[in-house]
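> Quick check, what structure comes out for this input:
(2 chains)
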Amino acid sequence: MVNAPAGATGNLSPSQLDGQQDRALGSLITVYIMGKAYEVPAEATIMGAIEYAGHQIIRGAGCREGYCGACATIYRLPGDYKIRTGLACMTMVEEGMTLAQIPSVPAEKAIYDIEKLKPNVTAIQQMYPTVFRCVACNTCTKSCPQGLQVMDYVQAAKRGDIAEVMDLSFDCVVCGLCMLRCPAEITQPLMGIMAKRLYGRYLRKESHELVERVKAVNDGAYEAEYAEMMSMNREDLSKRYYARDSE
Amino acid sequence: MYPDYMEESLRKVVETRPKRLELARKSGPVYPPMDAEARQKVLEGFHPDYEPSARRPVCVGPNKGETLTTEVADLLESHSWLRSEQVDLSKPDIETDVLIIGGGGAGCNAALVAMREHGVRSVIATKLRMGDANTMMSQGGMQAAVSRTDSPTRHYLDAIGGGHFENKPELVKALTEDGPGVVKWLEDLGVVWDKEEDGSMKVMHGGGTSRKRMVSCRDYTGAMIMRTLMDEVRNHPDMIEVKEFMPAVELIMDDKGNCAGAVLYNMDSEEFITVKAKSTIIATGGYGRLHIRGYDTTNHYGATGDGLVMAYRAGAKLMYMDSVQYHPTGVSFPEQIAGFLVTEAIRGAGGQPLNKDGELFVFPREPRDIEASAIIRECVENGGGVPTPSGRVGVWLDSPLIDMLHGEGYTERHFPAMYRQFIRYGIDITKLPMLIYPSLHYQNGGIEINERCETDLPGLFVAGEASGGLHGRNRLMGNSVLDYNVFGRRAGKYASEYAKTVKLGKLSVAHLDAYEKQLADANVQTDLVTPILLPSYAPKDVKKRQLVRGGNALPGSSVLQNRLHDDAFSPAGAK
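Reported below is the predicted structural model:
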């Protein structure tokens, strides 16, 4: 357990940064950003460290909360041969880390008309045939910063199990690290997006009440009540609001 | 892991839990909701908007004299990157029917509707990648009156009450009546909604909802919607041209006062590119990265209010730009994720805010401004907060209750993103509460629109967070996800119809000179050049050394060298 990580600047706002001294009070470590050494706060995320070093990130930062996949990063640690992968906004720096961001991962998205596809293996074969090149090496799964079972959803795609692909790839942030590491050059995240769309479009049970509600709106079923409330003065509307029941 | 000194407070949370669980299982509220008077009192006493320096009058432009959020007034009282004589409009680099500025949820919806329903081509110009937007980050869900116990008019009443009866009624009507149709539209595009066994939509509560109305895609709702919309946009390269890393920096007008396109800026080559468009849609989102009042933000890297300042210079009026939304539950600890959003759905599912003694102090589902103010009051006035090692403060959000209420595994299944966020730092939110504090979240106001997304300027349409009027001075949870879908679609429709009839005159950016003159007449002294495009997080001493170059001078210098609020350094070259 830590007691006081003073000086951590991982995601502080400018005013908070300005409130501190020019340099962090806490301990600094050395990391190598694209080969060049910088002293950065030991408690920083990789993104925080890059910005602390004075870089203005253009490609390589997005939502900064782990949803958008803009900040794919590869790195190595001293004395370790392994290439590691992570999202810069979510991964902490370590002493001696040498890192580079991946500003963009080249990949060709299949162009398709979802109305002309069916949720089966044929769609996968036609749109993302590289899926069948999978050699089951599991490198994709090992490289996923979200901890998803990427290889398992590639295997599910080969079987045409669209529901399984949807479920296993649901949390994919499309950072591209799996497709960069894949020896079979598969574009897993893009296939996953298509599978999710096929599932949503074709394999969901229809909501009857939704269909009825859309029809009711189109038929003008609520117009009279809208007109009534829109003509009410603030006081009457307020009364109605505070008197409403709650589910 | 939480620091050792928090253990006693954590123990109290565990002690009070059985009783609170019992309360949560009963049908009534776990804590008395506030009435109108109590709401007003907590707002005036503790909402950051009510602090004396939070607002000031703006001295130029269409809202001249009106009191606005201080940082917004600063943003508007700034110089353009461009001077009219430097922009050659005789031969535009690109011509299109509809120019869409911003590639988030609103922009993609607009492009798809323009293409599918009107056969109109568009160009999407966006600052970062397509989908780099707050849309991608919304977690908990979207409001839409789809269940049998609910109705669009009830949604209307909830939204307008949550906005303190200041919302533009015709906008709220549009929002709520289009809601169910948007759910269907997105499902047909392939969005995987959470559903019940029988196919009906799974619905949850949010703050200020009187019916369960929040539809969701686990806690990746926005990511699911955004990726679906983007994928569909990319299926039509012949009809929708996407220009990434090409933000707009100013609007172009014609000599008849119509909006006629924009000047884009290439972030890589630093060129300015002119686009002539019959109609223009601003879908640039909000301003969280202005870090208003020094708050952390839940917002995307690019949320710097670009659309506001472009439209304002061209003469569009803003509405409710004196009102900022602080999300009640931003992360307070761990430090590395401070300010990050903790979805309101955690409270919708039964999570309770607690003070350091493990006691409830507010109804967990008040509208956001009320809930946030109550949390601030608990920390500031009642001393009920838990301090963090770096000097922040927070209250507990008791998440372990969720599995107790809904069954083991519920949290991991329905809030995978939240679970992942905290477990990285050794905090298992199914066993330990989260430490939270309000975080800068949403631009309540914006460029004033009507239900057709029209502004004061013919040919200029606005959709999504950049627009103002819909939410009054306080937006409810899940209404922004609905907002960008409803009004993105409407903007696509009305901008397309307009594009088919308009005849543009001679192009001009003379409004920039007029605005510059207003600044001079009002004796505004500033070195700020906007749009800001990206915030800088370099340490202060690094910033100073960066700004030596060219003195942060006007055009000719890199846009990326612009530094927001750097009061420590006043460059000689700037006006």
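
> Tell me if residue A:155 really is in a helix.
Yes - for residue A:155, which was evaluated using DSSP: H, G, I helix; E, B strand; the rest coil, the result is membership in a helix.

> where along the stretch 401-550 of chain B do the helices fall?
All helices of the stretch 401-550 of chain B, identified by DSSP state H, counting those that start in this stretch, fall at B:410-414, B:416-423, B:479-499, B:510-521, B:540-546.

> Kindly reformat those as CSV containing distance to chain A, mean pLDDT and mean neighbour count.
Every residue, glycine included, has its C-beta placed from N, CA and C. Conversion of those to CSV gives the following (distance: least, Cβ to the nearest Cβ, whole Å; pLDDT from 0 to 100; neighbours: other Cβ atoms under 10 Å in any protein chain shown):
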stretch, distance to chain A, mean pLDDT, mean neighbour count
helix B:410-414, 11, 93, 19
helix B:416-423, 5, 92, 20
helix B:479-499, 12, 98, 27
helix B:510-521, 24, 96, 16
helix B:540-546, 4, 78, 16
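
> Distance to residue A:154 added to the ones you listed, as JSON lines?
Rendered in JSON lines, the data for the helices of the stretch 401-550 of chain B read as follows (distance: least, Cβ to Cβ, whole Å):
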{"stretch": "helix B:410-414", "distance to residue A:154": "23"}
{"stretch": "helix B:416-423", "distance to residue A:154": "20"}
{"stretch": "helix B:479-499", "distance to residue A:154": "31"}
{"stretch": "helix B:510-521", "distance to residue A:154": "53"}
{"stretch": "helix B:540-546", "distance to residue A:154": "44"}
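
> Spell out which residues of the stretch 351-500 of chain B are next to chain A.
Residues of the stretch 351-500 of chain B that fall close to chain A, judged by Cβ under 8 Å from any Cβ of the partner chain: B:389-390, B:416-417, B:420-421, B:424.

> In JSON lines, list those along with distance to residue A:225.
Output for those, formatted as JSON lines (distance: Cβ to Cβ, whole Å):
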{"residue": "B:389", "distance to residue A:225": "53"}
{"residue": "B:390", "distance to residue A:225": "51"}
{"residue": "B:416", "distance to residue A:225": "39"}
{"residue": "B:417", "distance to residue A:225": "37"}
{"residue": "B:420", "distance to residue A:225": "43"}
{"residue": "B:421", "distance to residue A:225": "41"}
{"residue": "B:424", "distance to residue A:225": "48"}
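
> Going by distance to residue A:137, which of those residues wins?
Compare each of these with residue A:137 using Cβ to Cβ and the shortest gap goes to residue B:420, at 24.7 Å.

> Relative to residue A:40, how far out is residue A:54?
Spatial separation of residue A:54 from residue A:40 under the definition Cβ to Cβ, to the nearest Å is 11 Å.

> Same question for residue A:81.
Here the criterion is Cβ to Cβ. By it, residue A:81 lies 24 Å from residue A:40.

> Equivalent analysis for residue B:295, please.
From residue B:295 to residue A:40 the distance is 24 Å (Cβ to Cβ).

> Same check on residue A:180?
With distances taken as Cβ to Cβ, residue A:180 is found 25 Å from residue A:40.

> Pick out whichever of the two has more residues nearby.
Under the neighbour definition other Cβ atoms under 10 Å in any protein chain shown, residue A:180 and residue A:40 were set side by side, and residue A:40 has more, 25 against 18.

> next SSE after the host helix or strand of the more buried one?
Counting by DSSP states H and E, the element that carries residue A:40 is strand A:36-41. Secondary structure here is assigned by DSSP H and E; on that basis, the next helix or strand after strand A:36-41 toward the C-terminus is helix A:46-52.

> in its sheet, what does the helix or strand just after that following helix sit against?
Next helix or strand after helix A:46-52 toward the C-terminus (DSSP H and E): strand A:72-76. Strand pairing for strand A:72-76, using DSSP bridges, gives strand A:84-87 (antiparallel), strand A:98-101 (antiparallel).

> Output the last one as CSV - backbone C-alpha positions only.
The reference is to strand A:98-101. Taking only C-alpha atoms (Å, rounded to 0.1, in the frame of the first residue of the first chain), the coordinates of strand A:98-101 have been written out as CSV:
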residue,chain,number,x,y,z
THR,A,98,11.7,2.1,-23.7
LEU,A,99,8.5,3.0,-25.6
ALA,A,100,7.0,4.1,-28.8
GLN,A,101,3.4,5.0,-29.6
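
> State the distance from residue A:109 to chain B.
Residue A:109 sits 5 Å away from chain B, taking Cβ to the nearest Cβ, to the nearest Å as the criterion.

> what about that residue, neighbour count?
If we define neighbours as other Cβ under 10 Å, then residue A:109 has 18 of them.

> Hmm, residue A:191 and it touching each other?
No - between residue A:109 and residue A:191 there is no contact, the gap being 9.8 Å when judged by Cβ atoms under 8 Å.

> ok, and which of the strands paired with strand A:72-76 has the densest surroundings?
Counting by mean count of other Cβ atoms under 10 Å in any protein chain shown, strand A:84-87 has the highest mean neighbour count of these, with a mean of 21.

> ok, the nearest residue to residue B:256 once chain neighbours are set aside to residue B:38 distance?
If you skip the residues right next to it in sequence, residue B:256 has residue B:505 as its closest partner in space, 4.5 Å away by Cβ to Cβ, 6 or more residues apart in numbering or on different chains. When Cβ to Cβ is applied, the distance between residue B:505 and residue B:38 equals 55 Å.

> ok, now residue B:139?
29 Å.

> domain parsing for the chain?
Picking chain A for this. Per the record, chain A has its domains at A:14-101, A:114-203, by automatic domain parsing.

> you looked at the wrong chain, it should be chain B
With domains defined by automatic domain parsing, chain B comprises B:4-50+B:329-440, B:84-323+B:444-507, B:536-575.

> For the residue nearest to residue B:67 when sequence neighbours are not counted, name its beta-bridge partners.
Using Cβ to Cβ, 6+ apart and skipping the chain neighbours, the partner closest in space to residue B:67 is residue B:55 (4.8 Å). Applying DSSP bridges to residue B:55 gives these bridge partners: residue B:69.

> circling back: weakest of the domains of chain A by average pLDDT?
When the domains of chain A are compared by mean pLDDT, domain A:14-101 comes last with a mean of 88.

> didn't residue A:95 look like it was pressed against residue A:32?
No - between residue A:95 and residue A:32 there is no contact, the gap being 10.8 Å when judged by Cβ under 8 Å.

> Look at those two and report which has more neighbours.
Set side by side, residue A:95 and residue A:32 show unequal neighbour counts under other Cβ under 10 Å, the larger going to residue A:32 at 16 against 12.

> Need phi/psi at the more buried one.
Note on residue A:32: backbone dihedrals following degrees, to the nearest 10 are phi -110, psi 110.

> What would stretch B:472-486 look like as CSV? C-alpha coordinates only.
Listed in CSV are the C-alpha atoms of stretch B:472-486, where the atom choice follows Å, rounded to 0.1, in the frame of the first residue of the first chain:
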residue,chain,number,x,y,z
GLY,B,472,-31.7,24.4,-20.2
ARG,B,473,-29.0,24.9,-17.5
ASN,B,474,-28.8,21.2,-16.5
ARG,B,475,-28.8,18.1,-18.7
LEU,B,476,-30.0,14.8,-17.4
MET,B,477,-28.0,11.6,-17.8
GLY,B,478,-28.5,9.8,-21.1
ASN,B,479,-30.0,12.9,-22.8
SER,B,480,-26.8,13.8,-24.5
VAL,B,481,-26.4,10.4,-26.2
LEU,B,482,-30.0,10.9,-27.4
ASP,B,483,-29.3,14.6,-28.3
TYR,B,484,-26.5,13.9,-30.8
ASN,B,485,-28.5,11.1,-32.4
VAL,B,486,-31.8,13.1,-32.7
